[in-house]
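J.: Build me a model from this:
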Amino acid sequence: MTIDEELNVLDQQLRRLKIEYEIFFNNPTKRPPTDIEWKVTSLLRKFSDGSRMSFSQRFRYNEMAQRYAIQSDLWRKKMRIREEGYRRPQDAILSVQGVRDAGAHDQKHPVVYGVSRAAGVEEQPFTITCSDAQSEREKVESLFKALSEAKKKSGEKVAGNVDSFAAFVQKKTAEIRKQHKCDKVVYSVEVQDGQVKLKAKAKG
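T.: Below you'll find the model as predicted:
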């Protein structure tokens with residue numbers, strides 16, 4: 001099975017898992033879909049380092065990993081409410097609302113292209129290693145796409161276009177290589193205190 005085929009399976013399993021959890025929370029006699037969730041987390045761990053994937057495949061994987069992290073957090077909260085009972089009025093509301101609120105949860109708590117440690121997979125910012133932005137255009141475009149998507153999710157404006165961004169990366173890479181006498185520069189898209197950050201550091 002190719003990586004694209006396995007990513008298709010992961011996407012299908014994620015959709016199925018969401019449906020099964022909706023059924024579980026609406027049916028007191030239903031068992032939680034632990035077998036499907038095990039398949040999902042196994043696939044997420046398998047591709048977590050991203051070493052065998054292309055940039056487009058990694059971008060797709062990161063989007064699915066983020067989706068799982070958000071939904072998994074909501075499922076855990078609802079599971080605790082189900083086991084311990086409704087202690088506060090908002091607990092009862094959460095139990096009724098279901099996983100379709102995951103989108104609203106996403107806006108309040110943005111996560112950049114990774115999943116939380118609580119979900120069982122290491123959190124990983126979107127990163128690339130660059131030595132020459134002109135000859136590594138695909139990498140730069142992937143970084144711009146990741147940065148733009150992260151900014152949109154956190155409600156920030158996306159400034160400029162991919163060409164101006166590539167020029168910036170080319171200039172910044174040259175500056176860091178000269179300053180630190182290194183061959184490559186690692187760029188990463190991260191979220192800190194609700195704000196999207198583009199970070200760059202020297203790599204030997």
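
J.: any idea how far the closest residue to residue 158 other than its chain neighbours is from residue 69?
T.: In space, residue 158 comes closest to residue 148 once its chain neighbours are excluded; the distance is 4.6 Å by C-beta to C-beta, 6 or more residues apart in numbering. Every residue, glycine included, has its C-beta placed from N, CA and C. Going from residue 148 to residue 69 by C-beta to C-beta, to the nearest Å gives 20 Å.

J.: the more surrounded of the two?
T.: Using other C-beta atoms under 10 Å as the criterion, residue 148 and residue 69 rank with residue 69 on top: 23 against 19.

J.: What helix or strand is the more buried one located in?
T.: Per DSSP states H and E, residue 69 falls inside helix 55-84.

J.: for the record, mean pLDDT for that helix?
T.: For helix 55-84, the mean pLDDT works out to 83.

J.: helices or strands next to that helix in the packing?
T.: helix 3-26, helix 34-46, helix 89-97, helix 102-108, strand 126-130, helix 137-153 (3 or more C-beta pairs under 8 Å, 6 or more residues apart in numbering; DSSP states H and E).

J.: Name the nearest residue to residue 50, sequence neighbours excluded.
T.: Closest to residue 50 by C-beta to C-beta, 6+ apart is residue 58, at 4.5 Å.

J.: Now do the contacts for that neighbour.
T.: Shown in contact with residue 58 (C-beta atoms under 8 Å, 6 or more residues apart in numbering): 50, 126, 142.

J.: Between those residues, identify the one with the most neighbours.
T.: With neighbours taken as other C-beta under 10 Å, the top of those is residue 126, carrying 23 neighbours.

J.: separation between that one and residue 201?
T.: Distance from residue 126 to residue 201, counting by C-beta to C-beta: 15 Å.

J.: same thing with residue 137?
T.: For residue 137 relative to residue 201 (C-beta to C-beta), the value is 21 Å.

J.: try residue 185
T.: Residue 185 sits 7 Å away from residue 201, going by C-beta to C-beta.

J.: shared neighbours of these two, anything?
T.: Here residue 185 and residue 201 have residue 176 as joint contacts, going by C-beta under 8 Å, 6+ apart.
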